[in-house]
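> I would like to see how this sequence folds:
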Amino acid sequence: MQEPGAAIGHVMRVLDMHTGGEPLRIITGGFPAVPGPDLLSKRRHIRERLDGLRRRLMLEPRGHRDMYGALLVGSELPDAHLAVLFMHNQGYSTMCGHAVLALGRYAVDYGLVAQPSSPETQVNIHCPCGLVRAYVQYEGGKSGRVRFHSVPAFVFATGRVRAGGRSGSSKPLGYTQSTGGTNGYSC
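Have a look, this model is predicted:
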């Protein structure tokens, strides 16, 4: 069975951006409609039924090993200006800081925020990890630097582990494993 979009001649529209050299390919059109009641259901649908399109956009010859993608989809969150599914050369992710920075500017520059305000405009981006708030500088009708607040982080585990050396001896090492939020700033 051929995946939708796998046919020769199928056209998808993208906008390539970067944040400090980190690439982001925003898929703006031509991707099949993605059904699902919530963002994670939509990601599951794409992973199970449309993964060939991710590979076409992220891998050679159209992409490269460092390519990162953002598919804009509908959100079930009323406060979201946009919702996004992140993809890359190996699959899908729940959050991407450099993509959020680029998407903040994209939302302001391409009218996803109805009335940008000076000196800073808040852009609510629904990511698989939750609602992320980007703050885009906005002066004289132009967007500028971006920062964001992600979902809250929490400590998953703390403790001590033993790491073996070449001689077979081991040393105790402390660790803290956390998951969740990230705060980012553009340069």
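
> now do the same contact list for Val136.
Val136 sits next to 104-105, 107-108, 116, 120-123, 143-146 when contact means Cβ atoms under 8 Å, 6 or more residues apart in numbering. The C-beta positions use only the backbone N, C-alpha and C, and glycine is treated the same way.

> next: Glu120.
Contacts of Glu120 (Cβ under 8 Å, 6+ apart): Tyr135, Val136, Gln137, Tyr138.

> do you know how far the third one is from Leu59?
Plainly put, Gln137 is 34 Å away from Leu59 if you go by Cβ to Cβ, to the nearest Å.

> which stretches of the protein have low pLDDT?
For the chain, the stretches flagged by pLDDT under 70 are 1-8, 156-187.

> quick one, longest helix in it?
Secondary structure of the chain per DSSP state H: the longest helix is helix 97-109.

> list the neighbouring strands of the helix or strand following that helix plus their orientation.
As assigned by DSSP states H and E, the chain's next helix or strand after helix 97-109 is strand 120-127. Applying DSSP bridges, strand 120-127 is found paired with strand 82-88 (parallel), strand 130-139 (antiparallel).

> chain center to the helix or strand following the last one, what's the gap?
This points to strand 130-139. Downstream of strand 130-139, the next assigned helix or strand under DSSP H and E is strand 142-149. Using Cα atoms, centre = their mean, to the nearest Å, the distance from the centre of strand 142-149 to the centre of the chain it belongs to is 16 Å.
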